[in-house]
Each structure stands twice: as structure tokens, then as C-alpha cells.
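*Asks:* Okay, predicted coordinates and the sequence, questions at the end:
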Amino acid sequence: MRSALLFVGMGTALIAAGCNRAVPTRPLGQAAARDDLDAVRQLIAARNGVDERDANGLTPLMWAARHGAVAAIMALLDAGSDVEARDARQGWTALQNAVHTQRIDAVRVLLDRGADPNARAHAGAMTPLLMAAGDRDPAIVKLLLAHGADARHQGEWGDTPLARAVSGGPFLDVDRPLLGGCRAETVRALLAHDPTLRLPDNFAGRSALGRA
């Protein structure tokens, strides 16, 4: 009985985490998130700050990236938005926000416009590739690798892109609930890029094998 209640409680927490989505609180961020190009241009012309953070600590470019709003992304970059600015919540760039919400068109545009594929808040922190490696679809992983992402980067806990792909990433995610499980196509994409990749000889590597 206790196990059943625990399982139900975990399920409720996962659902709640998946529903707990922040929304932009300033006009330019709101227009950018819905990819309303006319409104974005009008607000920029009215001197709304292109890099002004809202109550969530995100810039309009980050909101556009999170929602895959490609037209808004290009307009904001053309107006001088900083592609490497970091949000106040996680220290993530617009590219990391796009990767984390699996917006491949936004990822492609940001990379083409000079976004750093190895961006991280500090040494050993999460990179775009480390985020994407937990996804079932390897398309973003392949795109990042093609733009120079470091397939050997180790995160704070010794995690690597290959370990993430083998384990399926974290059980609980800030944007969506995950349940783990080997991402076979992503593993293949990483090994195709560098056949010498191996799981790290640490807790992250052993844990990945156990979860797979």
C-alpha cells in the first residue's frame, strides 16, 4: 500500500512539474513567444529593450527561442539582441532554452547566427549537447555536433552526452517530465560522430548502464 501511494505521489509530482510553465510578463517577450512579427517590430521601434529581462529573468530572444518563434528570433537579432545573454534562472543562453524545449528550427537559426554550441554557465555546467543527448530524436544532437559541439564535455556530476543518451537523461526535468530509458538513435548519432566515445568510468557512467 505504501509503495502504491508513493508511486501515485511521484506521478502527481511529475504531472505538476510538467504543467508548471512560466510565461513572459512583458509585451515584447509576449509578442516574441507567439511569433507575432508585426508586434515585435512595433515594440522594438517603440524602444522596448530587446535584452530587457522580465519577471522570470528571460529576455525576449529567450522566449522566442523557447517557443520556436523563428521570425521573432531573426527580428530580435537584427535589432541587436545579445545571442549569448544568459537567463537569471539557470544561466542558460537562448540556444540552451531552445534545445531544452526541443525547438529545432530555433536551434538551427541561432546556430547559424553565431550562438555558441558549447555555451555553459560555468566550467562543468550543462551544455546544449548535454541537454539534447537525453532526447529520443537525435536531430538536435546532430545539428549541434555539425556546429562544433563538444561530445566529450563532462557536466558537474561527471555526466557526458553519451552517458545521457544511454540513461535517457534525468527522471524529472524543469520543462517536461522524463522517465529515462536508452535513446538508441541518439547513442548511434554520437558514436557516428566519434566512434572512440566511451561511457565515463564514474558514477554517471555506471548509473547510465544500470538505467539502460
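*Replies:* It's in. Numbering: from 1, shown residues only.

*Asks:* Would you indicate which residues of stretch 42-56 are buried?
*Replies:* Leu43, Ile44, Asn48, Val50, Arg53, Asp54, Asn56 (16 or more other C-beta atoms under 10 Å). Placement of C-beta: from N, CA and C, glycine included.

*Asks:* Just give the closest residue to the third one, not the sequence neighbours.
*Replies:* Of all residues beyond its chain neighbours, the one nearest Asn48 is Leu28 (4.5 Å), with distances taken as C-beta to C-beta, 6 or more residues apart in numbering.

*Asks:* Just give me how far the helix or strand containing the one you found sits from the chain centre.
*Replies:* In this assignment (DSSP states H and E), Leu28 forms part of helix 27-33. Centroid separation for helix 27-33 versus its chain: 19 Å, with C-alpha atoms, centre = their mean, to the nearest Å.

*Asks:* The most centrally placed residue in the chain and Gln30, how far apart?
*Replies:* Closest residue to the average C-alpha location of the chain: His100 at 2.0 Å, with C-alpha atoms, centre = their mean. Distance, His100 to Gln30, using C-beta to C-beta, to the nearest Å: 20 Å.

*Asks:* Leu110 too?
*Replies:* Leu110 is 20 Å from Gln30, where distance means C-beta to C-beta.

*Asks:* Would you map the helices across this structure?
*Replies:* Using DSSP state H, the helices of the chain run over 2-19, 27-33, 37-45, 60-66, 70-78, 94-100, 104-112, 128-132, 139-146, 161-167, 184-193, 203-211.
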